[in-house]
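>>> here are the coordinates; sequence isn't available:
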C-alpha cells in the first residue's frame, strides 16, 4: 500500500518512521509533505528514499491511503487544497486531527458516501508503543483490517464507535500525562526514602511496564493481580489503604471524567 502523509510533525513523522522501521512499508511506498522543509530533511535522513515535498497535491496522486496529520485548525484549508486531486473510489482518507468528527470530515470533503477514518493515537507512537483508536464511516471490513494492520505496527490498535473517542482521549491520550504524573509522584516518595531521583524514575517506570504486562499477558482483572502481592498485615495493603485515605481512586476517576 502506498501511503501519503500530509504533515511531518510529531504524529506524521512518527507514523512514517514507524511504518518504515516495522518493515510494513518500503521507503518507496511512503510519501510525506510539510510546509517547512526542515522536518522533511530530518525524515529523509531517517528514511532514505522516502518521497518528500512541500506540495500536498503532489503526493496525493501517488497514494492508496491519504493521512491528514495536521493540527485541527488547519484541516479545512488542507482539504480544500487537495480536494481536486482526491479519488475517493481508489483512496482511503484517514484523519489524525484531534477532535475533528467524521461528519465534519465528510462535510469538508464534500462527500458523505466514501470511506473515511478517524484515528486517535497517543504520543508513544514515536516509540511504536501507541494505544490507537480507529473509527470509520462507510468503510468495508477489508479497509478496517488494512488500517488496523498499519497502526498495529505502531503499538496496539482497536476499532471503536466514534462516540467513545472522547472517553478514549481522556483514558489514553491524556492518560499518558496522568501515568507520567504517577511516576513522578512515586519517584518523589522514593526520594524521601533515600533513593536517587534518576534511579527512582527508572525503577518506577519499569515497575509500571511490568504491571501493564501482567494485565496484557494474563488478560486478568487488576484487582486479581493486586491480590497476588497483598498479604494480611503486609506493606502492600498498608500502602494501598494510605493511598485510598488520600483519595487515590477518587482522584483518578475525577481526572478521567474531567473532560466530560
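Nice, I can see it. What you see is a predicted model; the values in this text were computed from it and never measured. Residues are numbered from 1 along each chain as shown.
>>> tell me what the longest strand that the chain contains is packed against?
Criterion DSSP state E: the longest strand present in the chain is strand 130-137. Counting contacts by 3 or more Cβ pairs under 8 Å, 6 or more residues apart in numbering; DSSP states H and E, strand 130-137 packs against helix 102-108, strand 116-120, helix 141-152, strand 155-159, helix 165-168. The C-beta positions use only the backbone N, C-alpha and C, and glycine is treated the same way.
>>> okay, buried residues for stretch 94-105 please.
Buried residues in stretch 94-105, counted by 16 or more other Cβ atoms under 10 Å: 94-97, 100, 102, 104-105.
>>> cool, stretch 239-252 as well?
Buried residues in stretch 239-252, counted by 16+ other Cβ under 10 Å: residue 240.
>>> distance between the ends of that stretch?
17 Å (Cα to Cα, to the nearest Å).
>>> out of the buried residues of stretch 94-105, flag the one nearest to residue 149.
Of all these, residue 149 sits closest to residue 94, with 13.0 Å by Cβ to Cβ.
>>> surely the closest one touches residue 120?
No: between residue 94 and residue 120 there is no contact under Cβ atoms under 8 Å: 11.3 Å.
>>> what sits against residue 182?
Residue 182 makes contacts with residue 208, as judged by Cβ atoms under 8 Å, 6 or more residues apart in numbering.
>>> quick one: strands adjacent to the longest strand of the chain?
Here strand 130-137 is paired, per DSSP bridges, with strand 116-120 (antiparallel), strand 155-159 (parallel).
>>> CSV for the buried residues of stretch 94-105, including distance to residue 184 and pLDDT?
Below are these laid out as CSV (distance: Cβ to Cβ, whole Å; pLDDT from 0 to 100):
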residue, distance to residue 184, pLDDT
94, 34, 96
95, 33, 96
96, 28, 96
97, 30, 93
100, 32, 94
102, 36, 95
104, 36, 95
105, 37, 94
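>>> reformat those as CSV; add distance to residue 178.
Output for the buried residues of stretch 94-105, formatted as CSV (distance: Cβ to Cβ, whole Å):
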residue, distance to residue 178
94, 27
95, 25
96, 22
97, 23
100, 24
102, 27
104, 28
105, 28
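>>> perfect, that will be all.
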